[in-house]
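Chemist: Turn this into a model:
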Amino acid sequence: MSAQLSKTTLTKTALIKTRISVEPEWVDYNGHMNLAFYVLAFDKATDNFYDQLGIGLDYRAEQDSSMFTLGINVDYLREVFQGDELLITTQLLEVDKKRLRYIHQMYQGDDGQPVAVNECLAIHVNMSSRKSEPFPVPTQTRINTAMVSHQQLAQPASAGRLLGKKL
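Modeler: Reported below is the predicted structural model:
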């Protein structure tokens with residue numbers, strides 16, 4: 001896959017940002033990005049988010065632990081097309097001793113309205129036992145610091161939405 005992807009770093013009260021372009025193979029017979037590739041783009045933003053929190057690929061190798069997704073909601077709000085430049089912002093919404101809830105908002109170019117939204121719930125898993133376990137203290141501290149920062153941001157209106165409930 002040849003997706004153009006750029007990452008940004010976590011700063012105080014800043015959303016984590018991922019930039020990506022709509023690839024030709026992501027476009028379906030209706031001429032717009034296929035729903036599966038919205039999820040792929042959001043997954044790439046999740047990888048960036050986890051890297052910024054220090055729970056990405058390196059963490060898996062060092063701690064023998066990883067994050068598993070328990071559930072997602074995806075809302076498709078507007079079409080995007082081949083070659084469109086997308087910006088995905090990620091905001092941490094909730095944290096406990098072994099779970100994260102976060103939301104991605106996808107934008108096209110400089111437009112201030114999201115084209116899609118993806119809310120995720122993930123759990124910390126020990127890779128040897130394949131069972132959930134609490135974050136190690138240094139990891140929990142890092143995540144809590146990010147949570148304090150992200151609590152200062154406005155929560156998106158669609159956060160916590162149940163399927164079938166109006167945005």
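
Chemist: Could you look up the SS state of A14?
Modeler: Here A14 is coil, with the state taken from DSSP: H, G, I helix; E, B strand; the rest coil.

Chemist: Same question for A146.
Modeler: Relying on three-state DSSP, one would call A146 helix.

Chemist: how many other residues sit next to it?
Modeler: For A146, the count of nearby residues is 21 (other CB atoms under 10 Å). Every residue, glycine included, has its C-beta placed from N, CA and C.

Chemist: Now it. Nearest residue, chain neighbours left out?
Modeler: Distance criterion CB to CB, 6 or more residues apart in numbering; nearest residue to A146, sequence neighbours excluded, is L92 at 5.5 Å.

Chemist: surely that neighbour meets V148?
Modeler: No. Judged on CB atoms under 8 Å, L92 makes no contact with V148 at a distance of 9.6 Å.

Chemist: Are there helices or strands packed against the lengthiest helix in the chain, and which ones?
Modeler: Longest helix of the chain, by residue count under DSSP state H: helix 35-53. Secondary-structure packing of helix 35-53 (3 or more CB pairs under 8 Å, 6 or more residues apart in numbering; DSSP states H and E): strand 5-7, strand 16-21, helix 57-63, strand 65-76, strand 85-95, strand 99-108, strand 116-126, helix 137-151.

Chemist: Compile these into a markdown table and extend it with columns for distance to K44 and mean pLDDT.
Modeler: Shown next, in a markdown table, are those (distance: least, CB to CB, whole Å; pLDDT from 0 to 100):
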| stretch | distance to K44 | mean pLDDT |
| --- | --- | --- |
| strand 5-7 | 6 | 45 |
| strand 16-21 | 6 | 95 |
| helix 57-63 | 13 | 95 |
| strand 65-76 | 14 | 96 |
| strand 85-95 | 8 | 96 |
| strand 99-108 | 10 | 97 |
| strand 116-126 | 11 | 97 |
| helix 137-151 | 19 | 95 |
